[in-house]
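> This is a predicted model, with the sequence first.
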Amino acid sequence: MKSNINLCVLPECYLDTNLLETLVPPDKIGSTRGYNHKHSCNKVVDDMLGKLQDDFAVGIVDKDRRPLERTAQFVNIDERHGLRLCKDPNKNHYLIFHPPIEQWLLDEAKLVGIALDAETYRLPTTLKGLLQETKHEHSKHDKRFKCLFRDLKAADAPGINLLAKWLEHLKSNPYNTDINTLQNL
């Protein structure tokens with residue numbers, strides 16, 4: 001069992017890390033604070049099958065056009081608001097898939113009437129423009145995105161709030177998660 005639950009939360013990219021750390025702030029444990037950022041979907045799976053193979057783990061990754069390698073054993077638990085939650089039936093391992101994050105953020109903002117180009121955020125309103133802002137390491141700490149994520153959660157953006165609820169529940173119950181509870185969040 002890991003003494004630092006933050007190391008068991010594996011976001012795929014810089015913006016995913018910013019999103020998760022804003023929605024569900026990591027616990028301050030020792031001198032570390034932050035989730036276990038990975039640079040690709042495959043590196044998320046590498047850690048789940050390697051360092052965390054006998055421990056709790058939750059990976060957060062984009063839904064890609066092709067299935068994620070080495071995850072055939074995961075079964076679908078729930079699928080709503082563009083998110084899909086899967087579990088390895090033999091381990092305390094979970095994967096949360098979301099649509100490509102830039103388009104997903106545009107869609108979530110539109111659902112709750114948030115304009116990304118508002119003075120508060122000053123973000124592009126097109127997919128192409130948003131992609132240019134998100135593919136850099138600085139997006140991991142970009143305050144514009146942090147503000148957007150907080151406001152999306154406060155405005156009850158359905159996918160954003162579901163992601164936060166799933167992660168909160170999984171972190172609070174890493175070894176005794178109730179699947180029915182996850183499905184009813």
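Okay, I see it. Computed from a predicted structure; not experimentally measured.

> quick check: longest helix of the protein.
The residue-count maximum for a helix in the chain (DSSP state H) belongs to helix 158-172.

> ok, and for that helix, which residues are buried?
Gly159, Ile160, Asn161, Leu162, Leu163, Ala164, Lys165, Trp166, Leu167, His169, Leu170, Lys171 (16 or more other Cβ atoms under 10 Å). (Each C-beta comes from the backbone N, C-alpha and C, glycine too.)

> what residues are up against the third one?
Taking Cβ atoms under 8 Å, 6 or more residues apart in numbering, we find Asn161 in contact with Lys153.

> Please report how far it lies from Glu69.
Using Cβ to Cβ, to the nearest Å, Asn161 is found at 30 Å from Glu69.

> likewise the last one?
Lys171 is 26 Å from Glu69, where distance means Cβ to Cβ.

> now swap in the first one and tell me
Relative to Glu69, Gly159 is positioned 25 Å away (criterion: Cβ to Cβ).

> ranges for the helices of this protein?
14-23, 41-49, 101-111, 127-134, 143-154, 158-172, 179-183.

> Relative to Gly34, which of those is closest?
helix 14-23 (6.3 Å; Cβ to Cβ).

> Next, the angle from the closest one to helix 127-134.
For helix 14-23 against helix 127-134, the angle by axes from the mean of the first three to the mean of the last three Cα atoms, to 10 degrees is 80 degrees.
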